[in-house]
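J.: Output the structure for:
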Amino acid sequence: MAEHAILYPLSSILYTRPLRFHLNLTAGDAIIGSMKKTTRLILIGGVVLLCLAGFWLWRGQQIAKSLPEDDDQITTKAWAEIASTGASDSGEYSDPQQIGAIVAPVLPEVSGITPSHSAPGVWWVHNDSGDQARLYAINSAGKLLGIFEVPGAENVDWEDIGSGPGRDGSPALYIADIGDNNLSRDELVVYRVKEPDLSKGISSGSTQPAEAFPFRYPDGRHNAEAIFVDPESGRIYLVTKTRRTPCGVYRFPLPLRPNERVVLEAVKGNNITYISRQPLVTGAAVSPDGGRVLIRTYFSAFELRRAAGGAFETIFKAEPVLVKIPLERQGEAIAYTLDGNSFVTTSERLPAPIYQMTRER
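T.: The predicted structure follows:
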């Protein structure tokens, strides 16, 4: 028994320690092998990323070479290259003519524009999200004339502005706080303010307190950047913005009731299908007489023309007609002039050229 007592520990030392050493070597080899495999994968992934970065850098240089050196002159792309399909080309408007440029540092992201009713040649504009609740008056050359605070409003994501009748029938401005890129907002709203009278001169100040018209869509959340208002009834229309079709046209129920959240109504019509096929709708406008509606994207625009004597919504049965707009850097704003004979566009990038297209009679 004593012999066995001595030999067993000795055998344990002789046999188990080499086994443990062997097992440790095996585990170490496995770990090293795994590290090598991970390193190879990292190296391969790095090479792929470098190749992709090189390709996009090269592609960006090719695109840059194809554009004019002066950013203000990026208007040369042939209309046939960017026009949507499904509409006829009107040929009724002149080619885009640059009439000014917005350069004021306080206007880095103009996403909406509409004409002043009291000062011909003056425009109301606003910034996209990130600014305070403010409107800006500029002239057709793009010069900043005045800044107006909008009490009772908040700029979460202002995307467009339109003109229409106010509570008492006087000119009002409709500010669309309707942007929702992440489809996460529960509080969407259109603000209405009485348009400030600029006929006696322009200086900075405040508008009257805003009326809020909160809403939700009948079919879930949507991002939108386009608003227009029926000049007679004051009914508000929105066009949603999507990367993939379809988008939609929605309207507020009447009568408009401030501070009462409503469910919008989907608009029907023979050519709503055509509108729905437009990706990336960024702005809209209605002519002062309510006879025409413009809807634009980053790359194209089309006009709906109402038949004489028809109700406003018969315009959605009209044949869409392509109109020429310039190719802008993130172009979002569009509006008719006060006389309805022309329309203008501008964009969110400084300097932001202002272009005008005039009806050719």
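J.: By mean pLDDT, point me to the weakest helix or strand of this structure.
T.: helix 79-82 (a mean of 32; mean pLDDT, DSSP states H and E).
J.: what bridges to the closest residue in space to L264 that isn't next to it in sequence?
T.: If the residues on either side of it in the chain are set aside, L264 comes closest to Y250, at 4.1 Å by C-beta to C-beta, 6 or more residues apart in numbering. Every residue, glycine included, has its C-beta placed from N, CA and C. Listed by DSSP bridges, the beta-bridge partners for Y250 are L238, A266.
J.: Wait, Y250 touches A266, no?
T.: Yes: under the criterion of C-beta atoms under 8 Å, Y250 makes contact with A266 at 5.9 Å.
J.: More neighbours: these two, which one.
T.: Remark: of Y250 and A266, Y250 carries more neighbours, 20 against 12, as counted by other C-beta atoms under 10 Å.
J.: Look up how far G290 lies from that one.
T.: The gap separating Y250 from G290 is 18 Å, by C-beta to C-beta, to the nearest Å.
J.: Do a quick rundown of the helices in this structure.
T.: 2-66, 79-82, 272-276 (DSSP state H).
J.: Compare those and say which comes out lowest on pLDDT.
T.: In terms of mean pLDDT, the lowest-scoring of these is helix 79-82 (a mean of 32).
J.: Tell me how this protein divides into domains.
T.: 1-66, 79-358 (automatic domain parsing).
J.: Any regions of the protein where pLDDT drops low?
T.: Across the chain, residues meeting the criterion (pLDDT under 70) sit at 1-41, 45-91, 361.
J.: make it 80
T.: The chain contains residues with pLDDT under 80 at 1-91, 245, 270, 361.
J.: my guess is I113 contacts T337, does it?
T.: No: between I113 and T337 there is no contact, the gap being 10.8 Å when judged by C-beta under 8 Å.
J.: Have a look at those two and say which one is more surrounded.
T.: Taking other C-beta under 10 Å, I113 and T337 do not tie; I113 has more neighbours (26 against 20).
J.: so what's that one closest to, chain neighbours aside?
T.: A333 (4.1 Å).
J.: That neighbour: neighbouring residues, count only.
T.: Neighbours of A333 using other C-beta under 10 Å come to 29.
J.: G340 too?
T.: 16.
J.: quick one: contacts for it?
T.: Residues in contact with G340 (C-beta atoms under 8 Å, 6 or more residues apart in numbering) are 287-289, 291-292.
J.: Next, the contact list for the nearest residue to S199 once chain neighbours are set aside, please.
T.: Leaving aside its sequence neighbours, S199 sits nearest to S118 (C-beta to C-beta, 6+ apart; 4.3 Å). Going by C-beta under 8 Å, 6+ apart, S118 touches 171, 195-199.
J.: quick one: which of the residues you listed sit in strands?
T.: Using DSSP state E, P171 are the members of those that sit in strands.
J.: and of the contacts of S118, the nearest to G310?
T.: Using C-beta to C-beta, P171 comes nearest to G310 of the contacts of S118, at 24.1 Å.
J.: Name the residues of stretch 122-134 that are buried.
T.: Neighbour counts over stretch 122-134 (16 or more other C-beta atoms under 10 Å) mark 122-128, 133-134 as buried.
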